[in-house]
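1. Give me coordinates for this.
(2 chains)
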Protein chains: 2
Amino acid sequence: MKKTIFFTLFIIALPTLLLSVQLPAGAEGPKYNASGELLPPENYREWVWLSSGLGMAYGPAARANATNNPPFDNVFVSPSAYRSFLQNGRWPDKTMFVLELRSSLDKGSINQNGRFQGNLIGFEVEVKDEGRFPGKWAFFEFRGTVTPATSAKQLPTTAECYACHASNGAVDNTFVQFYPTLIDVAKKHGTFIEK
Amino acid sequence: MKKTIFFTLFIIALPTLLLSVQLPAGAEGPKYNASGELLPPENYREWVWLSSGLGMAYGPAARANATNNPPFDNVFVSPSAYRSFLQNGRWPDKTMFVLELRSSLDKGSINQNGRFQGNLIGFEVEVKDEGRFPGKWAFFEFRGTVTPATSAKQLPTTAECYACHASNGAVDNTFVQFYPTLIDVAKKHGTFIEK
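-> So this is what the prediction gives:
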């Protein structure tokens, strides 16, 4: 009898559960095509946003506009990695970061001061995939219009992002020193290195 | 036999399902204390971030620092409201927006150019609660350190935010014109008004 009640409840609840279940961690992790190129992460705008800066940007697309039209840099991290970081101050395997660069605008609508965000001008991804990359982390730059069919080759490990992140990232190749709500988390867990 | 298999699968899957089920829309909606004051939304840093600007800020805390130390404004929306907006370009009842104001810093770590985000200096919430507020939307400003026990009175409807949002928001009292990924969504659904 109990079994029947459970089963009935299960059948009633099933559609709701299926619709509302979050993606498991693996589904948020990196996906590659048959050539080993990274596919663009889906729905990263619904990932956890860590911070935005203005004119801090690095990488070619950013520097080109750095003086007259400083770009915004927006950083997102995969939700399961974020939740894991809150627990122990470390990025788990399969962590993905997206760095979005957007133009900044100063006149528009009612805004007469300051700057707000415009179109996408750069899209870079940092992936932790321990079984795939000898240095654990790898960087990818998507160019042009990004569609689900777009893919990006891994940037060579001689690209400056590798050395810069390794030398200057406060936590494990990442710039946690610029993510204000994560600094104390990392310090609490002893993973923050002053840089 | 099939029933037994289903039931077994259910029992195996249950802990995973319980852990991973997203909060229903109601759980993300506004919560008030017995005095009718708004409680701070929990985990809003895991909500969907819409955009950040620099020095665009409005409100007293922002204006005080607008010239020498322009604040960042970060806008988050409750995830269920975001998903609904993607479907029809409208904000459903119980939509909540958080406006976070953070100091901007120009020197720190390896950053020598541009500005990055520092400590929290302002925390405001816009709520759509059609059954509670005659104008459907209401504004709240949390002051000082925000804890789960903090609450905020509704700002009086004479506060400038009400008139400004009503007159200048491109979609239903909200500044969708400053949220670059939502502009086309609203235009597609015919809810965007040029402002």
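2. How many residues are close by A:Lys195?
-> 14 (other Cβ atoms under 10 Å in any protein chain shown). (Glycine included, C-beta is placed from N, CA and C.)
3. typed the wrong thing, it's A:Arg143
-> If we define neighbours as other Cβ under 10 Å, then A:Arg143 has 11 of them.
4. How about it, nearest residue that isn't a chain neighbour?
-> Nearest residue to A:Arg143 in three dimensions, chain neighbours excluded: A:Ala152, at 7.6 Å (Cβ to Cβ, 6 or more residues apart in numbering or on different chains).
5. need the contact list for the residue nearest to A:His165 when sequence neighbours are not counted.
-> Spatially, and ignoring its direct neighbours in sequence, A:His165 is nearest to A:Asn173 (4.4 Å; Cβ to Cβ, 6+ apart). Residues in contact with A:Asn173 (Cβ atoms under 8 Å, 6 or more residues apart in numbering or on different chains) are A:Glu126, A:Lys128, A:Lys136, A:Trp137, A:His165, A:Ala166.
6. Check the spacing between A:Asn173 and chain B real quick.
-> Using Cβ to the nearest Cβ, to the nearest Å, A:Asn173 is found at 14 Å from chain B.
7. I'd like to know how many residues surround the closest residue in space to A:His189 that isn't next to it in sequence.
-> Of all residues not flanking A:His189 in the chain, A:Gly89 sits nearest, at 2.9 Å (Cβ to Cβ, 6+ apart). Residues lying near A:Gly89 (other Cβ under 10 Å) number 20.
8. Could I get the pLDDT score of A:Gly89?
-> Looking at A:Gly89, its pLDDT is 98.
9. do you know how far the residue nearest the centre of chain A is from chain B?
-> Geometric centre of chain A, nearest residue: A:Phe97, 2.3 Å, by Cα atoms, centre = their mean. Distance of A:Phe97 to chain B, computed by Cβ to the nearest Cβ: 14 Å.
10. so that residue bridges to which residues?
-> A:Val77, A:Glu126 (DSSP bridges).
11. so it sits right up against A:Val125, yeah?
-> Yes: in this structure, A:Phe97 is within contact of A:Val125 by Cβ atoms under 8 Å, at 6.8 Å.
12. element containing A:Ala81?
-> Element membership of A:Ala81, judged by DSSP states H and E, is helix A:79-88.
13. Okay, buried residues for that helix please.
-> Neighbour counts using 16 or more other Cβ atoms under 10 Å in any protein chain shown place A:Pro79, A:Ser80, A:Ala81, A:Tyr82, A:Ser84, A:Phe85 of helix A:79-88 among the buried residues.
14. can you redo those residues as CSV with pLDDT and distance to B:Trp47?
-> Below are the buried residues of helix A:79-88 laid out as CSV (pLDDT from 0 to 100; distance: Cβ to Cβ, whole Å):
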residue, pLDDT, distance to B:Trp47
A:Pro79, 97, 11
A:Ser80, 97, 16
A:Ala81, 98, 17
A:Tyr82, 98, 12
A:Ser84, 98, 19
A:Phe85, 98, 17
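15. filter those residues by proximity to chain B?
-> A:Pro79, A:Tyr82 (Cβ under 8 Å from any Cβ of the partner chain).
16. and which of the buried residues of helix A:79-88 is nearest to B:Thr181?
-> A:Pro79 (17.8 Å; Cβ to Cβ).
17. what separates that closest one from A:Asn43, distance-wise?
-> Using Cβ to Cβ, to the nearest Å, A:Pro79 is found at 10 Å from A:Asn43.
18. Need the overlap of contacts for those two.
-> By Cβ under 8 Å, 6+ apart, no residue touches both A:Pro79 and A:Asn43.
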